[in-house]
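Chemist: what follows is a protein structure lacking sequence information:
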(Lines give C-alpha, C1' and ligand atoms only; values in the text may rest on other atoms or scores of the structure.)
Protein backbone atom coordinates (compact mmCIF):
# COMPACT_ATOMS: atom_id res chain seq x y z
CA UNK A 1 0.00 0.00 0.00
CA UNK A 2 1.99 3.39 -0.60
CA UNK A 3 2.32 3.34 -0.27
CA UNK A 4 -0.29 2.07 -2.64
CA UNK A 5 0.24 -0.70 -3.57
CA UNK A 6 -0.37 -3.09 -3.97
CA UNK A 7 -0.66 -2.56 -4.51
CA UNK A 8 0.38 -2.48 -5.61
CA UNK A 9 4.34 -0.76 -7.14
CA UNK A 10 8.14 1.93 -9.71
CA UNK A 11 9.65 5.11 -10.71
CA UNK A 12 10.41 6.30 -14.17
CA UNK A 13 11.33 9.86 -14.84
CA UNK A 14 11.70 10.78 -18.42
CA UNK A 15 13.83 13.64 -19.68
CA UNK A 16 11.60 16.59 -19.00
CA UNK A 17 9.17 14.81 -16.76
CA UNK A 18 10.78 12.46 -14.37
CA UNK A 19 7.89 10.29 -13.41
CA UNK A 20 7.66 8.10 -10.43
CA UNK A 21 5.12 5.37 -10.26
CA UNK A 22 4.26 3.50 -7.30
CA UNK A 23 1.00 0.12 -5.18
CA UNK A 24 0.81 -2.31 -4.33
CA UNK A 25 0.08 -2.75 -4.34
CA UNK A 26 0.84 -1.97 -4.40
CA UNK A 27 1.86 -4.04 -5.60
CA UNK A 28 1.90 -3.96 -5.05
CA UNK A 29 2.05 -4.91 -4.96
CA UNK A 30 2.42 -4.02 -7.62
CA UNK A 31 4.53 -2.97 -6.61
CA UNK A 32 2.42 -4.53 -4.16
CA UNK A 33 1.66 -4.69 -4.30
CA UNK A 34 2.30 -4.91 -4.28
CA UNK A 35 -0.88 -3.21 -2.82
CA UNK A 36 -1.76 -8.53 -3.63
CA UNK A 37 -2.54 -12.13 -3.68
CA UNK A 38 -6.13 -13.04 -3.55
CA UNK A 39 -6.26 -15.60 -0.85
CA UNK A 40 -8.02 -16.95 2.13
CA UNK A 41 -5.88 -14.92 4.43
CA UNK A 42 -5.34 -11.43 3.27
CA UNK A 43 -5.73 -11.26 -0.37
CA UNK A 44 -3.95 -8.48 -2.01
CA UNK A 45 -3.05 -4.90 -1.95
CA UNK A 46 -0.73 -2.40 -3.38
CA UNK A 47 1.18 0.09 -1.72
CA UNK A 48 0.25 3.07 -3.58
CA UNK A 49 2.96 5.51 -3.11
CA UNK A 50 3.03 7.87 -6.03
CA UNK A 51 5.90 6.10 -7.57
CA UNK A 52 6.32 2.59 -8.56
CA UNK A 53 3.72 -0.01 -8.07
CA UNK A 54 4.59 -2.35 -5.30
CA UNK A 55 2.40 -5.33 -5.10
CA UNK A 56 1.79 -6.21 -1.63
CA UNK A 57 0.28 -5.36 1.54
CA UNK A 58 -3.08 -5.31 2.83
CA UNK A 59 -6.21 -6.45 1.26
CA UNK A 60 -8.35 -7.52 4.12
CA UNK A 61 -9.77 -11.00 3.86
CA UNK A 62 -11.40 -12.31 7.01
CA UNK A 63 -10.49 -15.93 7.66
CA UNK A 64 -11.83 -18.30 10.28
CA UNK A 65 -8.90 -19.96 12.03
CA UNK A 66 -8.33 -21.69 15.33
CA UNK A 67 -6.13 -18.81 16.49
CA UNK A 68 -7.10 -15.25 17.36
CA UNK A 69 -7.60 -12.84 14.43
CA UNK A 70 -4.69 -10.47 13.72
CA UNK A 71 -4.61 -7.04 15.32
CA UNK A 72 -2.05 -5.93 12.72
CA UNK A 73 -0.99 -6.77 9.19
CA UNK A 74 2.33 -5.76 7.67
CA UNK A 75 4.12 -6.21 4.36
CA UNK A 76 7.56 -5.79 2.77
CA UNK A 77 8.58 -6.09 -0.84
CA UNK A 78 11.06 -5.51 -3.64
CA UNK A 79 10.26 -4.31 -7.16
CA UNK A 80 12.13 -3.82 -10.41
CA UNK A 81 11.23 -2.48 -13.85
CA UNK A 82 13.16 -1.70 -17.01
CA UNK A 83 14.24 1.57 -15.35
CA UNK A 84 13.74 1.27 -11.58
CA UNK A 85 14.48 -0.86 -8.54
CA UNK A 86 13.49 -0.34 -4.93
CA UNK A 87 11.74 -1.62 -1.84
CA UNK A 88 8.85 -0.82 0.47
CA UNK A 89 7.34 -1.66 3.86
CA UNK A 90 3.96 -0.95 5.38
CA UNK A 91 1.35 -1.97 7.89
CA UNK A 92 -2.23 -1.57 9.10
CA UNK A 93 -3.17 -1.83 12.79
CA UNK A 94 -6.70 -2.18 14.19
CA UNK A 95 -8.02 0.42 16.64
CA UNK A 96 -11.38 -1.30 17.25
CA UNK A 97 -12.27 -2.88 20.62
CA UNK A 98 -12.08 -6.34 19.04
CA UNK A 99 -8.42 -5.72 18.08
CA UNK A 100 -9.24 -7.39 14.75
CA UNK A 101 -7.80 -5.78 11.63
CA UNK A 102 -10.31 -7.74 9.50
CA UNK A 103 -13.38 -6.32 11.27
CA UNK A 104 -15.35 -3.05 11.35
CA UNK A 105 -13.63 -0.14 13.08
CA UNK A 106 -10.92 2.49 12.92
CA UNK A 107 -7.45 1.63 11.62
CA UNK A 108 -4.03 3.25 11.24
CA UNK A 109 -1.88 2.73 8.15
CA UNK A 110 1.79 3.57 7.62
CA UNK A 111 3.99 3.05 4.54
CA UNK A 112 7.50 3.81 3.35
CA UNK A 113 9.57 3.23 0.22
CA UNK A 114 12.97 3.97 -1.33
CA UNK A 115 14.27 3.46 -4.85
CA UNK A 116 16.59 4.39 -7.70
CA UNK A 117 15.64 5.07 -11.31
CA UNK A 118 17.21 5.85 -14.66
CA UNK A 119 17.09 9.39 -15.99
CA UNK A 120 17.23 9.56 -19.77
CA UNK A 121 19.46 12.19 -21.33
CA UNK A 122 21.59 12.62 -18.21
CA UNK A 123 24.57 10.60 -17.03
CA UNK A 124 23.32 9.36 -13.72
CA UNK A 125 20.42 8.03 -11.74
CA UNK A 126 17.69 9.57 -9.65
CA UNK A 127 16.84 8.43 -6.14
CA UNK A 128 13.57 8.78 -4.29
CA UNK A 129 11.97 8.14 -0.93
CA UNK A 130 8.46 8.51 0.37
CA UNK A 131 6.21 7.75 3.31
CA UNK A 132 2.63 8.19 4.43
CA UNK A 133 0.69 8.00 7.68
CA UNK A 134 -3.09 7.70 7.44
CA UNK A 135 -6.11 7.29 9.67
CA UNK A 136 -9.03 5.29 8.34
CA UNK A 137 -12.28 3.46 8.94
CA UNK A 138 -12.96 -0.10 7.80
CA UNK A 139 -16.42 -1.58 7.26
CA UNK A 140 -16.95 -5.33 7.08
CA UNK A 141 -19.32 -6.29 4.24
CA UNK A 142 -20.21 -9.98 4.55
CA UNK A 143 -17.20 -11.65 2.89
CA UNK A 144 -15.54 -8.33 2.08
CA UNK A 145 -14.13 -5.11 3.50
CA UNK A 146 -14.36 -1.46 2.43
CA UNK A 147 -11.77 0.94 3.89
CA UNK A 148 -11.23 4.68 3.49
CA UNK A 149 -8.11 6.53 4.65
CA UNK A 150 -6.95 10.13 4.85
CA UNK A 151 -3.63 11.47 6.09
CA UNK A 152 -0.31 13.04 5.21
CA UNK A 153 2.56 11.93 3.00
CA UNK A 154 5.86 13.17 1.68
CA UNK A 155 7.91 12.35 -1.38
CA UNK A 156 11.53 13.30 -2.13
CA UNK A 157 13.39 13.08 -5.45
CA UNK A 158 17.08 13.69 -6.01
CA UNK A 159 17.61 13.76 -9.78
CA UNK A 160 20.26 15.09 -12.19
CA UNK A 161 17.48 16.42 -14.45
CA UNK A 162 17.18 20.18 -13.71
CA UNK A 163 14.05 20.54 -15.85
CA UNK A 164 11.73 17.96 -14.34
CA UNK A 165 8.69 18.94 -12.30
CA UNK A 166 9.25 16.00 -9.97
CA UNK A 167 12.27 17.21 -7.99
CA UNK A 168 13.03 17.98 -4.35
CA UNK A 169 10.59 17.36 -1.51
CA UNK A 170 6.85 17.85 -1.35
CA UNK A 171 4.57 17.20 1.62
CA UNK A 172 0.85 16.83 1.05
CA UNK A 173 -2.43 15.19 1.92
CA UNK A 174 -3.28 11.71 0.73
CA UNK A 175 -6.61 9.92 0.42
CA UNK A 176 -6.99 6.21 -0.29
CA UNK A 177 -9.97 3.86 -0.71
CA UNK A 178 -9.65 0.07 -0.95
CA UNK A 179 -12.26 -2.63 -1.43
CA UNK A 180 -12.01 -6.39 -1.11
CA UNK A 181 -14.79 -8.86 -1.88
CA UNK A 182 -15.00 -12.64 -2.00
CA UNK A 183 -17.16 -13.16 -5.10
CA UNK A 184 -17.24 -16.96 -4.80
CA UNK A 185 -15.45 -19.54 -2.64
CA UNK A 186 -12.56 -19.69 -5.12
CA UNK A 187 -12.75 -16.21 -6.67
CA UNK A 188 -12.15 -12.75 -5.20
CA UNK A 189 -11.52 -9.12 -6.17
CA UNK A 190 -9.40 -6.28 -4.79
CA UNK A 191 -9.36 -2.64 -5.91
CA UNK A 192 -7.63 0.53 -4.71
CA UNK A 193 -7.76 4.22 -5.63
CA UNK A 194 -5.31 6.78 -4.22
CA UNK A 195 -4.64 10.51 -4.68
CA UNK A 196 -1.88 12.67 -3.16
CA UNK A 197 -1.35 16.42 -3.42
CA UNK A 198 2.42 15.74 -3.24
CA UNK A 199 3.40 15.94 -6.93
CA UNK A 200 -0.32 15.62 -7.80
CA UNK A 201 -0.17 11.81 -8.00
CA UNK A 202 -3.10 9.54 -8.88
CA UNK A 203 -2.95 5.75 -8.63
CA UNK A 204 -5.56 3.09 -9.49
CA UNK A 205 -5.15 -0.65 -9.05
CA UNK A 206 -7.32 -3.75 -9.47
CA UNK A 207 -6.68 -7.46 -9.14
CA UNK A 208 -8.84 -10.59 -9.35
CA UNK A 209 -7.68 -13.92 -7.94
CA UNK A 210 -8.68 -17.53 -8.53
CA UNK A 211 -7.83 -20.41 -6.23
CA UNK A 212 -5.71 -22.97 -8.09
CA UNK A 213 -4.93 -25.17 -5.10
CA UNK A 214 -5.48 -25.13 -1.35
CA UNK A 215 -2.85 -22.42 -0.72
CA UNK A 216 -2.20 -21.06 -4.23
CA UNK A 217 -4.08 -18.18 -5.86
CA UNK A 218 -3.39 -16.49 -9.21
CA UNK A 219 -4.99 -14.06 -11.63
CA UNK A 220 -4.71 -10.82 -13.63
CA UNK A 221 -3.93 -7.33 -12.34
CA UNK A 222 -3.94 -3.86 -13.84
CA UNK A 223 -2.88 -0.38 -12.70
CA UNK A 224 -2.84 3.28 -13.80
CA UNK A 225 -0.57 6.09 -12.60
CA UNK A 226 -0.06 9.79 -13.38
CA UNK A 227 1.68 12.75 -11.74
CA UNK A 228 2.21 16.48 -12.27
CA UNK A 229 5.09 15.99 -14.72
CA UNK A 230 2.46 14.96 -17.32
CA UNK A 231 3.77 11.43 -17.14
CA UNK A 232 1.20 8.63 -17.12
CA UNK A 233 1.24 4.88 -17.58
CA UNK A 234 -0.88 1.81 -17.27
CA UNK A 235 0.11 -1.75 -16.44
CA UNK A 236 -1.26 -5.11 -17.34
CA UNK A 237 0.09 -8.25 -15.72
CA UNK A 238 -0.60 -11.10 -13.39
CA UNK A 239 0.25 -12.50 -9.98
CA UNK A 240 0.58 -15.78 -8.11
CA UNK A 241 0.28 -15.97 -4.34
CA UNK A 242 1.44 -18.75 -2.01
CA UNK A 243 -0.27 -18.86 1.35
CA UNK A 244 1.65 -20.06 4.43
CA UNK A 245 4.81 -20.22 2.34
CA UNK A 246 7.23 -18.33 4.58
CA UNK A 247 7.02 -19.31 8.26
CA UNK A 248 3.24 -19.18 7.93
CA UNK A 249 3.22 -15.91 5.99
CA UNK A 250 2.19 -15.30 2.39
CA UNK A 251 4.40 -14.56 -0.63
CA UNK A 252 3.13 -12.88 -3.81
CA UNK A 253 4.99 -12.76 -7.12
CA UNK A 254 3.76 -10.43 -9.85
CA UNK A 255 4.89 -9.08 -13.19
CA UNK A 256 3.81 -7.84 -16.59
CA UNK A 257 3.91 -5.04 -19.12
CA UNK A 258 4.25 -1.28 -18.56
CA UNK A 259 2.77 1.03 -21.22
CA UNK A 260 3.88 4.66 -21.06
CA UNK A 261 0.98 6.63 -22.49
CA UNK A 262 3.07 9.51 -23.88
CA UNK A 263 4.87 8.64 -27.11
CA UNK A 264 8.19 10.06 -25.93
CA UNK A 265 8.33 7.66 -22.97
CA UNK A 266 9.50 4.06 -23.18
CA UNK A 267 7.34 1.00 -22.60
CA UNK A 268 8.80 -1.82 -20.54
CA UNK A 269 8.16 -4.49 -17.92
CA UNK A 270 7.78 -4.87 -14.16
CA UNK A 271 8.30 -7.61 -11.59
CA UNK A 272 7.82 -7.68 -7.82
CA UNK A 273 7.90 -9.94 -4.79
CA UNK A 274 5.98 -9.17 -1.61
CA UNK A 275 5.80 -10.90 1.78
CA UNK A 276 2.93 -10.22 4.19
CA UNK A 277 2.76 -10.86 7.91
CA UNK A 278 -0.03 -11.11 10.49
CA UNK A 279 0.45 -10.30 14.17
CA UNK A 280 -1.74 -11.89 16.84
CA UNK A 281 -1.79 -11.64 20.62
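Modeler: Looks like it came in fine. Please read all numbers here as calculations on a predicted model, not as lab measurements.
Chemist: give me the distance from the helix or strand hosting residue 235 to the chain's centre.
Modeler: Assessed by DSSP states H and E, residue 235 sits inside strand 232-246. Mean-position distance between strand 232-246 and its chain equals 10 Å (CA atoms, centre = their mean, to the nearest Å).
Chemist: what are the ranges of the helices in the stretch 101-250 of the chain?
Modeler: Listed in chain order, the helices found in the stretch 101-250 of the chain under DSSP state H, counting those that start in this stretch amount to none.
Chemist: note down every partner strand of the strand holding residue 235 and its orientation.
Modeler: The pairing partners recorded for strand 232-246 under DSSP bridges are strand 216-226 (antiparallel), strand 249-260 (antiparallel).
Chemist: for residue 197, which of these is the nearest?
Modeler: With CB to CB, the closest approach to residue 197 among the strands paired with strand 232-246 belongs to strand 216-226: 13.7 Å. From N, CA and C alone the C-beta is placed, and that goes for glycine too.
Chemist: so which bits of the closest one are buried?
Modeler: Judged by neighbour count (16 or more other CB atoms under 10 Å), strand 216-226 contains these buried residues: 216, 217, 218, 219, 221, 222, 223, 224, 225, 226.
Chemist: next: stretch 90-102.
Modeler: If you call a residue buried by 16+ other CB under 10 Å, then stretch 90-102 has these buried ones: 90, 91, 92, 93, 94, 99, 100, 101, 102.
Chemist: okay if I get the residues you listed as TSV plus distance to residue 252 and secondary structure?
Modeler: Putting the buried residues of stretch 90-102 into TSV (distance: CB to CB, whole Å; DSSP: H, G, I helix; E, B strand; the rest coil) gives the following:
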residue	distance to residue 252	secondary structure
90	14	strand
91	16	strand
92	16	strand
93	21	strand
94	22	strand
99	25	coil
100	23	coil
101	18	coil
102	18	coil
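Chemist: which of those sits closest to residue 232?
Modeler: When the buried residues of stretch 90-102 are compared for distance to residue 232, the smallest value, 24.1 Å, is given by residue 90; criterion: CB to CB.
Chemist: number of nearby residues for residue 175?
Modeler: Other residues within reach of residue 175 by the criterion other CB atoms under 10 Å amount to 15.
Chemist: verify the contact between it and residue 149 for me.
Modeler: Yes: look at residue 175 against residue 149 with CB atoms under 8 Å: they come within range, at 6.8 Å.
Chemist: sorry, back to before: between the strands paired with strand 232-246, which one is closest to residue 77.
Modeler: The closest of the strands paired with strand 232-246 to residue 77 is strand 249-260. By CB to CB, the value is 8.1 Å.
Chemist: strands paired with the helix or strand immediately after the closest one in the chain, and their directions?
Modeler: On the C-terminal side of strand 249-260, the nearest following helix or strand under DSSP H and E is strand 268-279. With DSSP bridges as the test, strand 268-279 is paired with strand 72-81 (antiparallel), strand 249-260 (antiparallel).
Chemist: of those, flag the one that's most buried.
Modeler: Among the strands paired with strand 268-279, judged by mean count of other CB atoms under 10 Å, the one packed with the most neighbours on average is strand 72-81 (a mean of 27).
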